[in-house]
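Novice: Here is my input; please provide its structure:
(one chain, ligands or ions: 1)
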Amino acid sequence: MNAQTPFADYTTTADGRKIGGVLMEMKNITLRFGGVKAITDISFDIREGEIRSIIGPNGAGKSSMLNVISGFYVPQEGEVWFRGARRPQMKPFDVARQGIARTFQNIALFDGMSVLDNIMTGRLTLMKSGLFQQALWWGAAQREETEHRAKVEKIIDFLEIQAIRKTPVGRLPYGLKKRVELARALAAEPKLLLLDEPMAGMNVEEKEDMCRFILDVNDEFGTTIALIEHDMGVVMDLSDRVVVMDYGKKIGDGTPDEVRNNQSVIDAYLGVAHE
Ligand SMILES: Nc1ncnc2c1ncn2[C@@H]1O[C@H](COP(=O)(O)OP(=O)(O)OP(=O)(O)O)[C@@H](O)[C@H]1O
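Specialist: Numbers count the residues shown, from 1 in each chain. Model prediction:
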């Protein structure tokens, strides 16, 4: 199977979820910042419907890789294939239109705006009517707004944040802000959802909640999810497959069990983490 046949036959996992063909393929990616090589010749793929994690110690190149996947960084070498086509250099807005949404390690929400309005901003790329159309065809714009609101309300119910829908985001505790960020990314109805350290800074209870919501999103909407994360336990519980990076290189790639038993990974990361 290759990137040219992205929607090939599905395989079913032990827990009954469907994993499809290759949705995104990274081919021999190398990324440099001046003299620093953040990523060296890394290849891997992300299959439709799976939860794919990228792990590694500090400075391993995880954030750089997430930024290549999201289209924010263009690698000096290698190719990125998405939905069967080689991806050209794109602006962030074009990436969103392609069906990729993301959350950020340092939450990027509008603090003064309500939860509902923040989540509505996630639908901007899907809105057809601009100001001009709204002035001319007010009825059509109104209908579109109602449809967008209905979609957003569904996500609010799903992520169990009804009680705070009118609350300004700035007043929320950290764990809930993270959940609102997830809601906003979901509002874009992405084909590929990128999560940048979704559990960072959370307490145990918040981590468990986030873990459950990530699994539920994948299950309910069939959303393909790629995430980078420090927390080993979380990654192993969540992921179908894991890429392990160290000093910008790929040192492991496989199921959580395969990665756990990979000696290079144990030496570089897991061994240290579990000492
Ligand atoms: N914008 C940048 N300019 C210069 N060097 C950078 C830049 N971003 C990352 N690097 C370097 O690239 C390497 C990989 O960094 P990156 O942030 O991708 O790693 P990481 O695995 O995400 O680390 P962490 O877990 O600490 O966030 C590091 O040596 C880092 O200093």
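
Novice: all helices of the stretch 51-200 of the chain, in order?
Specialist: 62-69, 92-98, 115-121, 131-136, 138-158, 174-187 (DSSP state H, counting those that start in this stretch).

Novice: Is it possible to get CSV of these that adds mean pLDDT and distance to the ligand?
Specialist: The C-beta positions use only the backbone N, C-alpha and C, and glycine is treated the same way. CSV is the format used below for the helices of the stretch 51-200 of the chain (pLDDT from 0 to 100; distance: least, Cβ to the nearest ligand atom, whole Å):
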stretch, mean pLDDT, distance to the ligand
helix 62-69, 95, 3
helix 92-98, 70, 16
helix 115-121, 92, 25
helix 131-136, 56, 36
helix 138-158, 80, 28
helix 174-187, 93, 17
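
Novice: Would you mind checking which helix or strand in the protein has the lowest mean pLDDT?
Specialist: Among the helical and strand segments of the chain, the one scoring lowest on mean pLDDT, DSSP states H and E is helix 271-273, with a mean of 49.

Novice: So what's the residue count around residue 257?
Specialist: By the other Cβ atoms under 10 Å criterion, the neighbourhood of residue 257 contains 10 residues.

Novice: Torsion angles phi and psi at it?
Specialist: phi -60, psi -40 (degrees, to the nearest 10).

Novice: State the distance from it to residue 241.
Specialist: 11 Å (Cβ to Cβ, to the nearest Å).

Novice: How about residue 13?
Specialist: Going from residue 13 to residue 241 by Cβ to Cβ gives 11 Å.

Novice: Mind pulling the model confidence for the residue nearest to the spatial centre of the chain?
Specialist: Taking Cα atoms, centre = their mean, the centroid of the chain lies closest to residue 194, which sits 1.2 Å from it. Confidence at residue 194, expressed as pLDDT, is 96.

Novice: got the contact list for the spatially closest residue to it that is not a sequence neighbour?
Specialist: Spatially, and ignoring its direct neighbours in sequence, residue 194 is nearest to residue 102 (3.8 Å; Cβ to Cβ, 6 or more residues apart in numbering). By Cβ atoms under 8 Å, 6 or more residues apart in numbering, residue 102 lies in contact with 66, 70, 185, 193-196.

Novice: Compare these and tell me which is most surrounded.
Specialist: Neighbour-wise, those (other Cβ under 10 Å) top out at residue 195, 27 neighbours.
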